[in-house]
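*Asks:* Test case, fold it:
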Amino acid sequence: MFEIGFDQAAGLRTTSPPATGIHVMPVVSLNRPALAYELLCTLAAQLTALRQSVVIIDGSAAEQPGRWPQPGAHLGLLQALQNPDIDGLEQAPLGAEWLVMPGALGLQALTQTARLAGPAVALSRLAAPFSPGVCVLVFASAALQAELFGGLGARALVPVLDRTQTTLDAYGAVKQLLHADVIPVLAPWTDGMSPPAVPLQQVVDTVTDCAQRHLGVAVDTWPQATWAQRTQLCALSAGATGHSGAVAYRQSSTAPHRRAAAPLWS
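*Replies:* Presented below is the predicted three-dimensional model:
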């Protein structure tokens with residue numbers, strides 16, 4: 001036990017505890033969701049490169065009715081929430097890097113839960129269909145994010161693009177989130193291909209200056225290269241029995257499904 005270079009407890013200290021829930025990062029969709037969707041996919045690609053299972057819930061896309069998706073259609077969040085036979089969701093469909101679920105109706109249902117029973121209960125309900133350890137990126141408006149995650153200590157990524165209109169959109173999102181006690185984080189992004197309408201740093205500076213001057217808050221900015229690592233550290237952790245707040249994230253191995261998940265594609 002006391003030999004040099006040997007520590008009997010070393011293996012125990014390097015073993016992470018098993019994941020007990022999912023990890024959630026809200027991403028604001030702004031007034032034109034298509035402009036921010038590429039940013040969302042960039043974050044998902046970064047997380048996938050770190051061998052992290054990713055699910056995107058797209059609040060700008062509505063689900064089809066029914067307990068199961070129609071042939072060729074995506075499984076929707078509302079279907080997953082309402083059908084107890086659907087759980088353990090994690091794997092991307094064949095040919096895709098991550099699972100994308102339309103979620104407009106499902107997120108509306110969760111906001112109703114948040115109004116009636118509180119955001120913590122809504123967050124627990126959101127966690128139920130997914131496999132432990134999955135990182136769920138919730139792509140929706142700032143108003144919906146504020147209602148769903150208010151008071152939980154959550155951070156929400158606010159896209160900042162090199163477009164003049166996004167200055168107002170980003171500042172408006174920051175204001176809405178702060179009023180609900182959700183922590184906004186600016187995420188500057190450019191595709192690097194089309195010439196910018198305005199310098200990206202100018203947009204970032206304008207939003208941060210307005211937040212400092214009018215709201216009295218110093219808003220943090222996450223450089224693009226750090227999105228995945230910071231998401232892993234700051235994502236909201238949620239389980240089926242409650243939430244544990246914004247905590248240090250531990251990568252978990254792929255957990256076995258408790259039962260066969262619903263087919264995502266016909």
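
*Asks:* all helices of the stretch 51-200 of the chain, in order?
*Replies:* For the stretch 51-200 of the chain, applying DSSP state H, counting those that start in this stretch gives helices covering 77-82, 104-117, 119-127, 142-149, 165-179, 200-210.

*Asks:* Columns mean pLDDT on top of those, output as TSV?
*Replies:* Formatted as TSV, the helices of the stretch 51-200 of the chain follow (pLDDT from 0 to 100):
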stretch	mean pLDDT
helix 77-82	92
helix 104-117	96
helix 119-127	95
helix 142-149	97
helix 165-179	94
helix 200-210	94
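
*Asks:* Export the ones you listed to JSON lines and append columns for mean neighbour count and distance to residue 158.
*Replies:* (Glycine included, C-beta is placed from N, CA and C.) JSON lines is the format used below for those (neighbours: other CB atoms under 10 Å; distance: least, CB to CB, whole Å):
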{"stretch": "helix 77-82", "mean neighbour count": "23", "distance to residue 158": "22"}
{"stretch": "helix 104-117", "mean neighbour count": "18", "distance to residue 158": "18"}
{"stretch": "helix 119-127", "mean neighbour count": "21", "distance to residue 158": "19"}
{"stretch": "helix 142-149", "mean neighbour count": "25", "distance to residue 158": "7"}
{"stretch": "helix 165-179", "mean neighbour count": "21", "distance to residue 158": "5"}
{"stretch": "helix 200-210", "mean neighbour count": "17", "distance to residue 158": "8"}
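
*Asks:* So which of those is nearest residue 239?
*Replies:* Closest approach to residue 239 among those is made by helix 119-127 (5.7 Å; CB to CB).

*Asks:* Dump the helices of the stretch 51-200 of the chain into CSV; add distance to residue 234 as well.
*Replies:* CSV is the format used below for the helices of the stretch 51-200 of the chain (distance: least, CB to CB, whole Å):
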stretch, distance to residue 234
helix 77-82, 23
helix 104-117, 21
helix 119-127, 15
helix 142-149, 13
helix 165-179, 14
helix 200-210, 18
